[in-house]
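Visitor: Here is a sequence with its predicted model. Questions after.
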Amino acid sequence: MSDVEDFRARARAWLAEQATTYGKEARRGLSVEDDLALGRRYMAARHDAGFAGINWAVEIGGQGLTNLHKVAFEGEEMAWGMPVVYFGISLGMPVPILIHYGQDRDWVKERVRKALRGEEIWCQLFSEPSGGSDLAALRTKAEQDGNGWKLNGQKVWTSWAQYCDYGVIVARNDPNVAKHKGLTYFWVDMKAPGVEVRPIKLAGGDSHVNEVFFDDVKMTDEQRMGAVGGGFGVALHTLMIERYIATDSAGFGPHLDLFIDLAREIEVNEKPALEDGRIRSAIARNYAMRSGLEAITARAMKMMEAGMQPGPEGSLQKLVAVRSRQRLSELAIDLQGNAGFASDPHAFVKESWTASWLNAPTGRIAGGSDEVLLNTIAEKILGLPQDHRPDKGVPFNQIPA
Amino acid sequence: MSDVEDFRARARAWLAEQATTYGKEARRGLSVEDDLALGRRYMAARHDAGFAGINWAVEIGGQGLTNLHKVAFEGEEMAWGMPVVYFGISLGMPVPILIHYGQDRDWVKERVRKALRGEEIWCQLFSEPSGGSDLAALRTKAEQDGNGWKLNGQKVWTSWAQYCDYGVIVARNDPNVAKHKGLTYFWVDMKAPGVEVRPIKLAGGDSHVNEVFFDDVKMTDEQRMGAVGGGFGVALHTLMIERYIATDSAGFGPHLDLFIDLAREIEVNEKPALEDGRIRSAIARNYAMRSGLEAITARAMKMMEAGMQPGPEGSLQKLVAVRSRQRLSELAIDLQGNAGFASDPHAFVKESWTASWLNAPTGRIAGGSDEVLLNTIAEKILGLPQDHRPDKGVPFNQIPA
Amino acid sequence: MSILYDEGQQAIASESRRVVEARSDKARALALLETVGAYDHAFWQTAIEQGWTGLAIPEAFGGIGLSLVELGIVAQACGGSTAGAPFLTSNDGAAAALLGSENEELKAEWLPRLASGEVIAALAFGEGQSPLPSRPLVRFTAAGLAGEKPGVPAAAHARIAVVWALAEGEPALVLCDLTDVSKSVIEGFDNSRGYADLTFAATPGQVIATGAHASALARDVLARMAVVTAHEQVGGAEALMTIARDYAVTRKAFGQQIGAFQSVKHRIAEMYGLIEIARANCIHAASREGQADFLKAAAAARLSATEAYDTAARDCVQIHGGIGVTWETGLHLHMRRARSLAVEQGNMFFWEDLLAGQLTGVAA
Amino acid sequence: MSILYDEGQQAIASESRRVVEARSDKARALALLETVGAYDHAFWQTAIEQGWTGLAIPEAFGGIGLSLVELGIVAQACGGSTAGAPFLTSNDGAAAALLGSENEELKAEWLPRLASGEVIAALAFGEGQSPLPSRPLVRFTAAGLAGEKPGVPAAAHARIAVVWALAEGEPALVLCDLTDVSKSVIEGFDNSRGYADLTFAATPGQVIATGAHASALARDVLARMAVVTAHEQVGGAEALMTIARDYAVTRKAFGQQIGAFQSVKHRIAEMYGLIEIARANCIHAASREGQADFLKAAAAARLSATEAYDTAARDCVQIHGGIGVTWETGLHLHMRRARSLAVEQGNMFFWEDLLAGQLTGVAA
């Protein structure tokens, strides 16, 4: 048994012990606030047990293990439905960037520890109302203000901002240069005067994303991460930093087994659904897609284990899985006929076809829309030309709105 | 019974009489040359019977009836598999344009009569190797030469050029102006010195399209149609002139009934294919698509009957029907299992699933590719913006090749 | 019946659209999503005022005496604004069932009240996953109706129901008063549709039709409701296409209108294709009311309209990006309605099989 | 068996691709399309020289003793050039069938000749539309084989066949010499595949396996051939993607590379997705040879590889426009091969049902 498999076994044993306290059944019916509180306790326990910051350096408070150990733990953890969703972005992007770019190292170490223990949460303030898929089009201004900076503007789609203590932000420090050149990266105190967070209710009824308004928010120059004007590069680094995350061939929706279980109870035109060619085809095709994605992940793990860089095909996971989840969820609802009208608006997405279907469109947009992912595959992997970009090289304040 | 229905009944009666001489069964197994000869005899008979040039003016040798009469006749004619394919483009675009723009009216009248009787065939010389979907990118040169013109260059995808007597052509008379402004339209004698026709074999094994080379081919100025530099406008007129043509919801492939007949004889996993949900779904979906296209056509006919302009949804016919025919043809082959390997390379496309499948890609490209049709719908009907066009307004000889 | 709308029909189309748009309110619709057991009273009042409730009911019974074509036109307008409750469809379906009855007393009692909108009706045909089971489990005997009908649209608010039941081994359509019937209102993703489970226990009922007559009538009524629903779906799909198009020419990314990107542009063009095919099928089906090929036409309309609405819902949201998935923007009103309408009157499997059966003569 | 190719396997991949590309000839392949009853002798000679014919046959029988993984790698190279004849697949399938036999004499007689490529084998399993009928109509009695096997790949050129037959009411795999068997060579759309109808009449045969052993063995052999074919399909799809990509960056329209249009660009990106999923499934399936989940893995590979090749064929041609449909450009070689490979070893319905059966325990 390899070191990773040994680690995986230890993780599984520990997780099994925690499940009754923190797992899916313990969480059922909790309000978001209570679930978050439970999540903070779980994070503390996870930190105590030595499963936090798995692939981070020991000096900074991590376990000093490999990406492979981290992915193995996450893969195991996912099966239990632990309340970790509030901390995923925090530990996934802002905190690693803070580790890399933060100026006051003692302060950074304290933040890392608190973030790992769920005592503090970080958000990532990138998107803006006018920006969409176009990160470099952002308008939030950071102006020199004495020795520090003054922040004004608006961000949007900021996950869990209403519960966050800190955030990382990209702002425009110079509108007179080409649009991706006039940006600078900072961390910002979410409790500072002038920061206002307004939750956005989404189509599924939940409000885990927010608008965040900055009105003359003061920052010291110590809050700057990276060079003045170097924000776009740091932002790209952020997007690259966590390439090794556990994937889910179900597209973060229900497992195919749940579909089969459902179909087993159902008739199509008064015959068992599982005998119907259309249902059989849906099951078989879905399995083939999922097994392919899982084989891609398994190969990536083997490559990491062998010290190699996994191939770019890993970038297919979200694109393929979430799109497919949307269709399968629709099908599961339709299959049930009039019985499919009933649904619990607060059901878990991985258990309820209705919740999965209602939230699938968000999945196809958040963290890189289908179209952005296709463009990335086409340009970065296949070398196809970039789309027409009339804004290229034009000073930001001269691009027509 | 309306006038059109009366006309349709007469047409049907006449066609039924001709079927044994000219119809599908009479044509089976004929070489292209023999089939063309039969076609010429049919065209003469059709002219004699008063079913030629149905919607053309009496002065020019037509019947002076409406578009509706023409479409009604074509709809009826299609069912018999008459050998008219060689004359479709000739009478559909070049000859109507000749009627509109031809300078010597007596000469024009003679050409019209011979074209209607199948004694002469006209082709349309638009596409060029470097052009693709971009008509205005053509390079064939027409240079002033004394009182006339001298033609040099190459055209491609010219249907039936090897059997043609005349053609209409667009050539570049001025490379120093924007690309769609320097074009002029002519008719050209396909038997003139310097014209060379080379058939192109297509994926299905047939060679009905050609490359045509022009090497110092002389034209008089009487051969010019429209103003010097006005060729792009005349070409667009050509593409618009025959909007009222019979449509085929089968995408010019086999009727859905043939699929049902096939499926009736077949098993899917040792059960009757017609009981399998996948096959039932394919049949039902295909029927729904076809019946929708047919209802669009029927409504367009009613509108024409009422003196109204049919809606733009008619432009969906080829896009939807041919794409769908490609999938259904694949399915029909697959369904047969090992029995589907056998096929006659010279079978009729409307009878043979293999012939239909092999030729479907040509159908999706010829006469406006899927992508061009989608762009046209998006821009012309829905008012969406044009694609980026870096060539716009740039003199032709300054566009990078 | 022509497939070309005449002037009167065109007037109904523009007027119904105008009225529905003027009286629809997104905030009200959004609030209804989170309220179990309520519906849009303002819409129903509008439907009554406009005479839509009696549109296709003969004048002799207090209706306007128009046809399925005109009802379809109004349904399309309602669909465009995700307006209303399912009653427009179900009341007309109940009226169609009654009109097929030979019981003149029953007609005289209920048709005028359906026409006026005073009474709301539900059609309780389905059981399990079948919208019209060949042998329903709900029984009708001398003791009345007994058994359960799950997830019946409009049932939460209906005064009467037309029930598909088995009476002495024979199928029957039975009209019953719901006043004393146990209703369990369903909480779901599109609450204003008034879904409820109905449990009959010694519920008195009156026979509309029995035996082969009942079977044919029930199938025709279901097909009729499917055609009305298909119009509603086309209206919804068309509204989404217009929203998508308007957004695509307004919103800019990377320095240009997003509608200039072919992934957006072609997607909207494909929507247009699906919608025009569905629309043509809908008009055709409405014009074939009472003809031998009505079932085929209804199935074609139903299949293509569902595909159009589902695709438009998916793609319109996707084109909008983040703004498309917010509660307030409300595109999810259409997304939810697309799903509820895809299931009401029978899912795609039912209609595919019915159509394939009609075309091949082979049962599923 | 690891799903990560080791150095040896990577060397086989690059070497087999190099050899196949160097020795493939488009003009020869095009000519074969119009010649009934011929195949690419030059390719087969190459396969023999390279040792591919015995790649997965044990060294004890004159083979190289490698696994399905390596055979898949070679098949992928062949697929990229629409190279070869179906014998690589069928000879290996015949060898696998023999290796599953308990008849050592039979193994000793034929395995070395299959390994050397001296003998070409066909697998005659299918009847009607089933690639493996539960009760074959071909009978094997003391009088020999009797009955017909339609459209057998490779049969036109094969010296021996492994036949799926019924022997005294029990299934059986029977090896027979085709020298005296009546072959009707089929004219079709991909003639180099050597399809022929075989008619057995008192044809002598030797039993490879009978009863449950024969059933399990036949299914395993079919799944094995499906995995080899899936690799060939992935190779073809990948070649088409590369061709499409190269064309999209070279060809210009409206003043820009056509690859800048999202309809082209996204289509190629989608191809990439389908291919990578199919490739991962193929490698996984090859590595599961002999394991309990081999059938599931084979079916997943087969389904995704067929989808990838079919989509790539359709879209690569479409991206090329007119030039894509000419005979000389030859994209139709892939289009035809995509179709023949989609049908050989059983169509999609067969594999969907087999996989669904494995996953649900419910038969079709």
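Guide: Nice, I can see it. Numbering: from 1, shown residues only, chains lettered A, B, ... in the order given.

Visitor: Could you confirm whether the biggest helix by length in chain C reaches chain B?
Guide: With secondary structure taken from DSSP state H, chain C has its longest helix at helix C:211-250. Yes: judged by C-beta under 8 Å from any C-beta of the partner chain, helix C:211-250 comes into contact with chain B at C:241, C:245, C:248-249. Every C-beta, even on glycine, is put in place using the N, C-alpha and C of the backbone.

Visitor: and the residue nearest the centre of chain A, what does it touch?
Guide: Centroid check for chain A by C-alpha atoms, centre = their mean gives A:Ile89 as the closest residue, at 5.4 Å. If you count contacts by C-beta atoms under 8 Å, 6 or more residues apart in numbering or on different chains, A:Ile89 has them with A:122-124, A:159-160.

Visitor: Please repeat the previous calculation with a cut-off of 7 Å.
Guide: A:123-124, A:159-160 (C-beta atoms under 7 Å, 6 or more residues apart in numbering or on different chains).

Visitor: try C:Val119
Guide: With contacts defined as C-beta under 7 Å, 6+ apart, C:Val119 is in contact with C:110, C:113, C:159-160.

Visitor: separation between C:Gly259 and B:Asp387?
Guide: With distances taken as C-beta to C-beta, to the nearest Å, C:Gly259 is found 10 Å from B:Asp387.

Visitor: who's more crowded, those two?
Guide: Neighbour totals were compared for C:Gly259 and B:Asp387, and C:Gly259 leads with 26 against 21 (other C-beta atoms under 10 Å in any protein chain shown).

Visitor: Flag every residue of chain A that's near chain B.
Guide: A:268, A:276-278, A:281, A:388 (C-beta under 7 Å from any C-beta of the partner chain).

Visitor: now, which of those residues lie within helices?
Guide: Among these, the members falling in helices (DSSP H) are A:277-278, A:281.

Visitor: Let's have those in TSV, adding pLDDT and neighbour count.
Guide: Listed next are these as TSV, based on pLDDT from 0 to 100; neighbours: other C-beta atoms under 10 Å in any protein chain shown:
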residue	pLDDT	neighbour count
A:Gly277	98	24
A:Arg278	98	23
A:Ser281	98	21
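
Visitor: average pLDDT across stretch C:320-339?
Guide: If you average the pLDDT over stretch C:320-339, you get 97.

Visitor: What are the contacting residues of it?
Guide: Contacts to stretch C:320-339, defined as C-beta under 7 Å, 6+ apart, come from residues A:127, A:132-133, A:157, A:200-203, A:330, A:333, A:361-362, A:365, A:369, C:26, C:29-30, C:82, C:189-190, C:236, C:239-240, C:247, C:309-310, C:313, C:316-318.

Visitor: Also stretch A:368-375?
Guide: Looking at what lies outside stretch A:368-375 - C-beta under 7 Å, 6+ apart - the contacts are A:133, A:315, A:318-319, A:323, A:364, A:387, C:263, C:318, C:321, D:266, D:269.

Visitor: Do the helix or strand encompassing A:Glu76 and chain D come into contact?
Guide: Taking DSSP states H and E as the criterion, A:Glu76 maps to helix A:67-78. No: on the criterion C-beta under 7 Å from any C-beta, helix A:67-78 is out of touch with chain D, staying 13.5 Å away.

Visitor: Make sure C:Ala146 is indeed in a helix.
Guide: No: counting by DSSP: H, G, I helix; E, B strand; the rest coil, C:Ala146 is not part of a helix but strand.

Visitor: Pull the number of nearby residues for it.
Guide: Counted with other C-beta under 10 Å, C:Ala146 comes out at 16.

Visitor: same check, this time on C:Glu105
Guide: 9.

Visitor: Can you name the next helix or strand after the host helix or strand of it?
Guide: Element membership of C:Glu105, judged by DSSP H and E, is helix C:104-115. Elements were assigned by DSSP H and E; along the chain past helix C:104-115, the next helix or strand is strand C:121-124.

Visitor: in the lowest-mean-pLDDT helix or strand in chain A, what's buried?
Guide: Lowest on mean pLDDT, DSSP states H and E among the helices and strands of chain A sits helix A:231-241, with a mean of 82. In terms of neighbour count (16 or more other C-beta atoms under 10 Å in any protein chain shown), helix A:231-241 has its buried residues at A:231-232, A:234-235, A:237-238, A:241.

Visitor: Also stretch C:181-192?
Guide: Buried-residue list, stretch C:181-192, by 16+ other C-beta under 10 Å: C:181, C:183, C:185-186, C:188-192.

Visitor: Enumerate the strands of chain C by residue range, in sequence order.
Guide: Per DSSP state E, chain C carries strands over the ranges C:121-124, C:139-141, C:144-152, C:160-167, C:170-177, C:182-185, C:196-203, C:205-210, C:252-253, C:256-257.

Visitor: can you name the two of the contacts of C:Val119 that are farthest apart?
Guide: C:Trp110 and C:Arg159 (9.7 Å; C-beta to C-beta).

Visitor: So these two - more neighbours on which side?
Guide: Neighbour count, other C-beta under 10 Å: between C:Trp110 and C:Arg159, C:Trp110 has more, with 24 against 15.

Visitor: I'd guessed the more buried one sits against C:Leu99; true?
Guide: No: the pair C:Trp110 and C:Leu99 does not pass the contact test of C-beta atoms under 7 Å, sitting 10.5 Å apart.

Visitor: How much space separates A:Val108 from chain D?
Guide: The gap separating A:Val108 from chain D is 37 Å, by C-beta to the nearest C-beta, to the nearest Å.

Visitor: Please read the previous query as pertaining to A:Gly194.
Guide: Taken as C-beta to the nearest C-beta, the span from A:Gly194 to chain D is 41 Å.

Visitor: And C:Arg17, by the same measure?
Guide: Noted for C:Arg17: a distance of 33 Å to chain D, by C-beta to the nearest C-beta.

Visitor: circling back: quick one: which two of the contacts of A:Ile89 are the most distant?
Guide: Counting by C-beta to C-beta, the most remote pair of these is A:Gln124 and A:Trp160, 9.9 Å apart.

Visitor: Report how many residues lie close to A:Asn397.
Guide: Applying other C-beta under 10 Å, we find 12 residues neighbouring A:Asn397.

Visitor: Correct me if wrong: it contacts A:Pro175.
Guide: Yes: between A:Asn397 and A:Pro175 a contact is recorded at 4.2 Å, counting by C-beta under 7 Å.
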